[in-house]
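Participant: any chance you can model this:
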Amino acid sequence: MQTGQTAFDTLKALLDSQRLAVVATQMPEGPYASLVAFAASDDLRTIAFVTSRATKKYRNLSANPNVSVLIDSRTHSVEDFSTGAAVTAVGKATDIPKDESETLVRRFIHKHPYLEAFAKAPSTAVCRVEVKKYYLVTRFQHVVELDVTQWSSSSP
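Facilitator: Coordinates of the predicted model:
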């Protein structure tokens with residue numbers, strides 16, 4: 001990420017540039033991680049992903065909505081240690097009804113047009129993560145905590 005950017009700008013650039021995330025849900029035996037396509041809202045308060053209702057991930061978040069979402073910029077090169085960025089978003093995920101999900105689905109399809117049929121399928125859940133905090137890591141070990149609940153309604 002560029003020098004001089006605010007943490008919010010770095011976070012926004014990361015969420016805008018990446019297509020995949022790891023969503024961690026909770027099973028009775030412990031954490032369960034899943035790879036998902038995602039889209040974030042402009043204000044970064046919400047992360048949306050879609051999943052089949054027949055998945056373990058969906059069953060887990062239905063039983064316990066607390067999730068974390070990991071998004072990173074790794075390229076699998078040594079430079080990742082100095083230039084890479086990763087963020088963990090912590091929040092609650094809910095399956096939102098189709099009649100309330102139009103805006104999120106539109107945003108998701110804009111970022112992932114190749115997943116339109118899946119996103120609109122009757123068996124697909126549109127999951128909204130209401131983010132409480134972000135933990136942004138840059139330069140391998142520089143960590144910044146961003147508390148979404150402290151952001152004003154007009155800006156972070």
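Participant: what residue of this protein is the furthest out?
Facilitator: Residue farthest from the centre of the chain, counting by C-alpha atoms, centre = their mean, is residue 78 at 25.1 Å.
Participant: could you look up the SS state of that one?
Facilitator: Here residue 78 is recorded as coil under DSSP: H, G, I helix; E, B strand; the rest coil.
Participant: ramachandran angles for it?
Facilitator: Main-chain dihedrals, residue 78, degrees, to the nearest 10: phi -60, psi -30.
Participant: residue ranges in this structure under the pLDDT threshold?
Facilitator: Within the chain, the ranges that satisfy pLDDT under 70 run 1-5, 80, 152-156.
Participant: tell me who's in contact with the most centrally placed residue in the chain.
Facilitator: Central residue of the chain (C-alpha atoms, centre = their mean): residue 47, 4.5 Å from the mean position. Neighbouring residues of residue 47 by C-beta atoms under 8 Å, 6 or more residues apart in numbering: 15, 21, 38-41, 69, 89, 91, 128-129, 131. Glycine gets a C-beta too; all of them are placed from N, C-alpha and C.
Participant: show me the strands in this protein, by range?
Facilitator: Remark: strands assigned in the chain by DSSP state E are 20-27, 30-40, 46-52, 66-72, 85-96, 124-138, 142-147.
Participant: okay if I get the contacts of residue 47 as JSON lines plus distance to residue 137 and neighbour count?
Facilitator: Shown next, in JSON lines, are the contacts of residue 47 (distance: C-beta to C-beta, whole Å; neighbours: other C-beta atoms under 10 Å):
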{"residue": "15", "distance to residue 137": "14", "neighbour count": "21"}
{"residue": "21", "distance to residue 137": "15", "neighbour count": "24"}
{"residue": "38", "distance to residue 137": "18", "neighbour count": "23"}
{"residue": "39", "distance to residue 137": "22", "neighbour count": "22"}
{"residue": "40", "distance to residue 137": "17", "neighbour count": "24"}
{"residue": "41", "distance to residue 137": "22", "neighbour count": "15"}
{"residue": "69", "distance to residue 137": "14", "neighbour count": "23"}
{"residue": "89", "distance to residue 137": "12", "neighbour count": "28"}
{"residue": "91", "distance to residue 137": "18", "neighbour count": "21"}
{"residue": "128", "distance to residue 137": "24", "neighbour count": "19"}
{"residue": "129", "distance to residue 137": "19", "neighbour count": "25"}
{"residue": "131", "distance to residue 137": "16", "neighbour count": "24"}
